[in-house]
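1. sharing a sequence plus its predicted fold:
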Amino acid sequence: MELAAMKTHTEKRPNTGLRGIKLAALILGSSLVLAGCAGNPPSEQYAVTESAVNSAISAGGTEFAPVEMKAAQDKLKQAEFAMHEEEYEKARRLAEQAEWDARLAERKAQAAKAERAVQDARQGVQELREEGMRNAQ
């Protein structure tokens, strides 16, 4: 008897109507956010990319990483053209790629300069050793 009294009516009501409305609202909201983003020029990203390219040039990227610098500069030009054509998503993507190419060029230039400094230091040490050996004789 107690088991019969403990049983409760736990039938689940399908709430597909409410779930469908929530899903539709989520999809609509997401599409509005994406549409809003697609309509704005990526001015901030473009400025960040220009700064990265200029930093890479200052670091010696054109000398030590010419391939990466050329890629960064070409993509930056393509991004500028895409912005003028109001293809903002394409412009943003190209600007991001140009930024990373420029950052890679800058790092390669820094690494090459560091390697050159190490070689110069080794050569200086070698010359000092040779001079010390001559003076000792």
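-> All right, it came through fine.
2. what packs against the longest helix belonging to the chain?
-> Using DSSP state H, we find that the single longest helix of the chain is helix 88-136. The contact analysis (3 or more C-beta pairs under 8 Å, 6 or more residues apart in numbering; DSSP states H and E) places helix 88-136 against helix 43-58, helix 61-64, helix 66-84. For the C-beta atoms, the positions are set from N, CA and C on the backbone; glycine is no exception.
3. which of these sits most buried?
-> The highest mean neighbour count among these belongs to helix 61-64 (a mean of 20), with neighbours defined as mean count of other C-beta atoms under 10 Å.
4. using PDB, write out the CA atom coordinates for that helix.
-> The C-alpha trace of helix 61-64 is given here as PDB (Å, rounded to 0.1, in the frame of the first residue of the first chain):
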ATOM      1  CA  GLY A  61      62.600  42.100 -41.500                       C
ATOM      2  CA  THR A  62      63.200  43.200 -45.000                       C
ATOM      3  CA  GLU A  63      66.800  42.100 -44.700                       C
ATOM      4  CA  PHE A  64      66.500  39.000 -42.500                       C
END
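5. just the mean pLDDT for it, thanks.
-> If you average the pLDDT over helix 61-64, you get 95.
6. any regions of the chain where pLDDT drops low?
-> 1-38 (pLDDT under 70).
7. if you set the cut-off to 80 instead, what comes out?
-> Low-confidence segments of the chain, defined by pLDDT under 80: 1-39, 136-137.
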